[in-house]
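K.L.:
sequence first, predicted coordinates after that:
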Amino acid sequence: MINIAERHQYILNKIQINGSLDVQSLCKELNVSSVTIRKDLKLLEDKNLLFRTHGGATLNNPYTVDKPVNEKEHLQSAEKMRIGALGAELVEDNDSIIIASGTTVLALARCIKPKGMLTVITSALNVALELVHNSNIEVIQLGGLLRKTSSSVAGPYSDNVLKNVFCSKLFLGVDGIDLEFGLTTTNASEAYLNRQMIDSSQKIIVLADSTKFGKRGFGRICGIEEVDHIITDSGISNHTINALKDLGIKVSII
């Protein structure tokens, strides 16, 4: 049986290669109990070498924090513009769509140039302002408490509007995508509103750069199985792509 130092080195080597690992696999590979592996992971986390998660560990911090929209707009900006451009290709003439909030869906809004009429329902003030000057687009701005960090409304105030409409597509931005926990955002009220949007949409399209995978925010939006299509960049791992496709989710990579 290998000693504790050798176990720790094995764990660190594996997580550097895969980005994440699970307790049960390590138990089988190292022939030790789950209690031993959990103690190992705690010791390594205390040394800031990894982050523990439910049932395993990851190399990157899986928990997201709320950042101002003007700060987030500069993160992975090139990827967001390409993701947004590909998302805009899915918008059809005479379509009715919902656009949630976030810097990636804002990039989508900047790329939408419909030749026919288009109806857009949005919770994001910056998205509405981006689209309002296009004569082919009718914008319905949802009401509610305006969150300064996201430039979008949140809370139950938009229920009456969303309960009385049904759109072909929801373009959803998220703070975290976890294969087990699902889609999340940093704000519980925003998560609630996103769930209402899902109920009012035929197809759920998530626009997210690859840094959002393996992350969890405070507010859970829905399970990953409710998503129809994810548009992301090439930083996503093959393991994650295959797991998503196994769930029947279309994955487009820019």
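P.N.:
Ah, there it is.

K.L.:
look up phi and psi at E92.
P.N.:
phi -110, psi 160 (degrees, to the nearest 10).

K.L.:
neighbours of the spatially closest residue to it that is not a sequence neighbour, just the number please.
P.N.:
In space, and not counting its chain neighbours, E92 is closest to S168: 7.6 Å by Cβ to Cβ, 6 or more residues apart in numbering. Any C-beta I mention is one placed from the backbone N, CA and C, and that applies to glycine too. Neighbours of S168 under the rule other Cβ atoms under 10 Å: 16.

K.L.:
got the buried residues for stretch 168-184?
P.N.:
Buried residues in stretch 168-184, counting neighbours by 16 or more other Cβ atoms under 10 Å, are found at 168-178, 181-184.

K.L.:
cool, stretch 3-22 as well?
P.N.:
So for stretch 3-22, counting by 16+ other Cβ under 10 Å, buried means R7, H8, I11, K14, I15, S20, L21.

K.L.:
how far does stretch 157-177 sit from its chain's centre?
P.N.:
Mean C-alpha position of stretch 157-177 versus that of the full chain (Cα atoms, centre = their mean, to the nearest Å) differs by 15 Å.

K.L.:
please save the CA atoms from it in PDB.
P.N.:
Included here for stretch 157-177 are C-alpha records, laid out as PDB according to Å, rounded to 0.1, in the frame of the first residue of the first chain:
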ATOM      1  CA  TYR A 157     -42.800  41.200 -10.300                       C
ATOM      2  CA  SER A 158     -42.500  39.800 -13.800                       C
ATOM      3  CA  ASP A 159     -44.700  36.800 -13.200                       C
ATOM      4  CA  ASN A 160     -47.800  38.100 -14.700                       C
ATOM      5  CA  VAL A 161     -46.100  38.900 -18.000                       C
ATOM      6  CA  LEU A 162     -44.200  35.600 -18.300                       C
ATOM      7  CA  LYS A 163     -47.300  33.500 -17.300                       C
ATOM      8  CA  ASN A 164     -49.200  35.000 -20.300                       C
ATOM      9  CA  VAL A 165     -46.600  34.500 -23.000                       C
ATOM     10  CA  PHE A 166     -44.800  31.600 -24.700                       C
ATOM     11  CA  CYS A 167     -41.700  32.100 -26.800                       C
ATOM     12  CA  SER A 168     -39.800  29.900 -29.200                       C
ATOM     13  CA  LYS A 169     -36.400  30.400 -27.500                       C
ATOM     14  CA  LEU A 170     -34.800  31.500 -24.300                       C
ATOM     15  CA  PHE A 171     -31.200  32.700 -24.500                       C
ATOM     16  CA  LEU A 172     -29.800  32.300 -21.000                       C
ATOM     17  CA  GLY A 173     -26.600  33.500 -19.500                       C
ATOM     18  CA  VAL A 174     -25.400  31.800 -16.300                       C
ATOM     19  CA  ASP A 175     -22.700  32.100 -13.600                       C
ATOM     20  CA  GLY A 176     -22.200  28.300 -13.200                       C
ATOM     21  CA  ILE A 177     -22.800  25.000 -15.100                       C
END
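
K.L.:
that older thread, tell me which of the buried residues of stretch 168-184 is nearest to L108?
P.N.:
F171 (5.6 Å; Cβ to Cβ).
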